[in-house]
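Trainee: could you look at this predicted model? Sequence included:
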Amino acid sequence: MDLLLWRHAEAEDGYPDAQRKLTERGQRQAERMAAWLKTHAPDKLKIIVSPATRTRQTVAPLGREHEINADVGTEAGPEDLLRAAGWPDARGAVLIVGHQPTLGQVAAELLGQPGGELSFKKGALWWFRVRERYGVPETVLRAVIPAELT
């Protein structure tokens with residue numbers, strides 16, 4: 001299974017949090033990462049997006065069907081996100097468009113630091129794969145792509 005974690009692009013400050021919109025810079029970040037994903041992501045990609053406005057705006061340039069799910073939203077925890085993705089047992093690839101600190105907590109767990117937290121830059125993508133090697137499942141970090149490198 002492949003699990004791609006994409007943090008929403010840069011958003012304006014404000015309240016209510018769920019209605020914050022992308023800045024112009026954030027829109028450019030989302031467009032660049034979407035272009036990268038169109039070239040590199042698996043064709044069969046299940047996409048799960050937080051209900052927040054900024055995550056829906058982040059995924060929009062990708063132009064693919066997606067599901068809105070509160071289990072990857074601002075109130076979600078790492079367990080919620082992993083369950084929504086079906087990690088590690090789902091077949092194929094899943095892209096989550098979500099938020100800090102949850103994405104960083106998930107990344108830390110997948111990299112063997114349960115209870116830890118890693119920093120995800122706005123607009124960045126982390127790509128994990130679980131595979132079996134010698135009969136033992138292992139997690140592989142395939143890529144970390146900051147938005148400014150796309």
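Mentor: That came through fine. Residues are numbered from 1 along each chain as shown.
Trainee: hey, let's count contacts and neighbours off CA atoms from now on
Mentor: OK.
Trainee: strands of this structure, start to end?
Mentor: All strands of the chain, identified by DSSP state E, fall at 2-7, 45-49, 67-68, 93-98, 125-133, 136-145.
Trainee: and those: which comes nearest residue 76?
Mentor: Residue 76 sits nearest to strand 93-98 of all these, at 9.4 Å, using Cα to Cα.
Trainee: what strands line up against the closest one, and which way round?
Mentor: Here strand 93-98 has these sheet partners by DSSP bridges: strand 2-7 (parallel), strand 45-49 (parallel).
Trainee: need the ones you listed in JSON lines (columns: mean pLDDT).
Mentor: As requested, these are arranged in JSON lines below (pLDDT from 0 to 100):
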{"stretch": "strand 2-7", "mean pLDDT": "98"}
{"stretch": "strand 45-49", "mean pLDDT": "98"}
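Trainee: which one of those is the most hemmed in?
Mentor: strand 2-7 (a mean of 26; mean count of other Cα atoms under 10 Å).
Trainee: what angle separates it from strand 125-133?
Mentor: 160 degrees (axes from the mean of the first three to the mean of the last three Cα atoms, to 10 degrees).
Trainee: got the angle between strand 2-7 and strand 136-145?
Mentor: Using the same axes, to 10 degrees, strand 2-7 lies at 40 degrees relative to strand 136-145.
Trainee: alpha carbons of strand 2-7, as CSV, please.
Mentor: This file holds the C-alpha atoms of strand 2-7, laid out as CSV (Å, rounded to 0.1, in the frame of the first residue of the first chain):
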residue,chain,number,x,y,z
ASP,A,2,1.1,3.5,-0.8
LEU,A,3,0.1,6.4,1.6
LEU,A,4,0.7,9.9,0.4
LEU,A,5,0.2,12.7,2.9
TRP,A,6,-0.3,16.2,1.6
ARG,A,7,-0.5,19.2,3.9
